[in-house]
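[1] What shape does this take:
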Amino acid sequence: HLEEGQSVQRKEWPSGHFVRRFTLPDTTETDHISASCADGILEIVIPKQPEVQTQRSP
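    Numbering: from 1, shown residues only. Predicted structure coming up:
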C-alpha cells in the first residue's frame, strides 16, 4: 500500500532459472574458486595467480 506522493523505487527480479557465463583468464587459480549465497546474494571469489617478478641481470 502506497501513501499519496510515494512511489515504488525498485521491483523484485523474477525468480527462475538464470545462467551467466564468463571466460576466465589463464591466470585464474581454478582450484581455489569459491562461492557462497547469503540473503539472496551470490558471492563468487575467483583468485588470480600471483604475478611472477622477473629480475634483469645488470
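[2] I'd like the distance between Val52 and Thr27.
    Counting by CB to CB, to the nearest Å, the gap from Val52 to Thr27 is 10 Å. All C-beta spots, glycine's among them, are computed from the backbone N, C-alpha and C.
[3] Those two - which one has more neighbours?
    Counted by other CB atoms under 10 Å, Val52 and Thr27 do not tie: Thr27 has more neighbours, with 10 against 5.
[4] for the more buried one, what are its contacts?
    Counting by CB atoms under 8 Å, 6 or more residues apart in numbering, Thr27 touches 48-49.
[5] any idea how far Ile46 is from it?
    Taken as CB to CB, the span from Thr27 to Ile46 is 10 Å.
[6] Repeat that for Arg56.
    31 Å.
[7] Those two: which is more packed in?
    Neighbours per residue (other CB under 10 Å) separate Arg56 from Ile46, with Ile46 holding more: 14 against 4.
[8] and the closest residue to that one other than its chain neighbours, what is it in contact with?
    Nearest non-adjacent residue to Ile46, counting by CB to CB, 6 or more residues apart in numbering: Ile33, 5.3 Å away. Ile33 makes contacts with 44-47, as judged by CB under 8 Å, 6+ apart.
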